Every structure is written in structure tokens, then in C-alpha cells.
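Participant: structure, please.
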Amino acid sequence: MYYSDIDEDDLDGLPSILTPAMAADTLCVHVNTIYNLLRSGKMAGFRMGAAWRIRKKDLLEFLRQGGSLIS
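Facilitator: Numbering: from 1, shown residues only. So this is what the prediction gives:
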């Protein structure tokens, strides 16, 4: 399965707002990879104080656009 093949049903068990650790676990990557994507602007996210958060719809959009996990 390619990341671009993932649809909303595949992410059903996730809350609507994810932590970077939850996103990393979902994509089977290290959490630092998620932080790098967020800081570079390649993945949409927002900050709550010092903590990053990712909307499930933004994670899905990143995957649908063929988001690259490699810089």
C-alpha cells in the first residue's frame, strides 16, 4: 500500500487532532521525522503553546498529495 492510497476509513481509529508521536506511529516513522516535516512546512500543523498538533484531515491531505518523508 502506498501512502497516497490511504483514505479516511484507514484513519478511523484516530482522534481528529494528533500529536506528532501519534502521527509518527501511524506512518511508522520516527517522531523526529514528523517534527522535521512540521518545521519545514511540508506537513500542516499548528502549535498549542510549545506543543505541535496535526489535524487528521491535514495528515490525510499530506498523504494524498504523495507527501515525501525524505527531504
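Participant: the helix or strand hosting residue 22 - contacts with which helices or strands?
Facilitator: In this structure, residue 22 sits in helix 20-27 according to DSSP states H and E. If contacts are counted by 3 or more CB pairs under 8 Å, 6 or more residues apart in numbering; DSSP states H and E, helix 20-27 sits against helix 31-40, strand 51-55. Using the backbone N, CA and C atoms, a C-beta is placed for each residue, glycine as well.
Participant: want to throw the ones you listed into TSV with distance to residue 61?
Facilitator: Listed next are the helices and strands packed on helix 20-27 as TSV, based on distance: least, CB to CB, whole Å:
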stretch	distance to residue 61
helix 31-40	13
strand 51-55	9
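Participant: so which of these gets nearest residue 11?
Facilitator: Ranking these by their distance to residue 11 (criterion: CB to CB) puts strand 51-55 first, at 11.1 Å.
Participant: okay, the residue positioned nearest the centre of the chain: pLDDT?
Facilitator: Centrality entry for the chain: nearest residue to the mean C-alpha point is residue 59, 3.9 Å, by CA atoms, centre = their mean. Looking at residue 59, its pLDDT reads 93.
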